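Colleague: Mind looking at a prediction? Sequence and model below.
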Amino acid sequence: MTTEIWLTVTGEQRDSDGRADRNAVQCRALYEKRGQAHIFTYRETDPESGAVTESEMVFAENACRILRKGAVTTTMQFSPGREYECMYGTAYGEIPMKIDTKRIAMKQIGQNFHARVSYTLSFVGGDPMDCAVTIKAEPIDT
């Protein structure tokens with residue numbers, strides 16, 4: 001069964017010089033639990049350009065996948081102890097990346113779901129960055 005929820009997605013990055021960046025988006029999303037997988041689908045609209053990105057996040061035991069299509073296009077995979085390579089596509093071109101997952105934590109309490117993925121992100125030719133993506137899913141009060 002698919003349910004409409006409030007989804008908050010927070011991204012954090014810290015580069016090798018200690019500079020930190022944090023961004024968050026809250027939006028309506030669709031949630032479905034399929035077996036042991038928690039699946040979230042949502043749409044982001046860039047406030048400046050109006051460009052739309054369709055996103056899907058899938059959390060399962062010890063694994064996560066983030067699929068994005070639109071203004072940004074990528075498939076990012078996370079699994080502790082494994083390194084994945086992917087492309088990050090933008091209007092300016094594609095950037096090769098490497099993802100080394102440190103930890104995935106998930107918690108479901110009643111209808112609320114929280115998850116955090118901690119990882120190191122490396123762009124070709126660049127220094128690695130410590131990153132995390134955190135999600136909070138809550139029911140929409142009617």
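Modeller: The structure has been received and is ready for your questions.

Colleague: Flag the shaky bits of this structure, pLDDT-wise.
Modeller: Applying pLDDT under 70 to the chain flags residues 142.

Colleague: Please enumerate the helices of it.
Modeller: Read by DSSP state H, the chain holds no helices at all.

Colleague: how about the strands in it?
Modeller: 2-14, 20-34, 37-45, 52-60, 63-70, 74-78, 83-90, 93-109, 112-123, 129-139 (DSSP state E).

Colleague: what comes up buried for stretch 20-30?
Modeller: A29 (16 or more other C-beta atoms under 10 Å). For every residue, glycine as well, the C-beta is placed using N, CA and C.

Colleague: Can you give the distance from that stretch to the centre of its chain?
Modeller: Distance of stretch 20-30 from the chain centroid (C-alpha atoms, centre = their mean, to the nearest Å) equals 9 Å.

Colleague: before we move on, what about stretch 134-142?
Modeller: For stretch 134-142, the distance to the chain centre is 16 Å (C-alpha atoms, centre = their mean).

Colleague: cool, and stretch 74-94?
Modeller: Relative to its parent chain, stretch 74-94 has a centroid offset of 11 Å by C-alpha atoms, centre = their mean.

Colleague: contacting residues around that stretch?
Modeller: For stretch 74-94, contacts defined as C-beta atoms under 8 Å, 6 or more residues apart in numbering pick out 51, 62-68, 71-73, 95-104, 117, 119.
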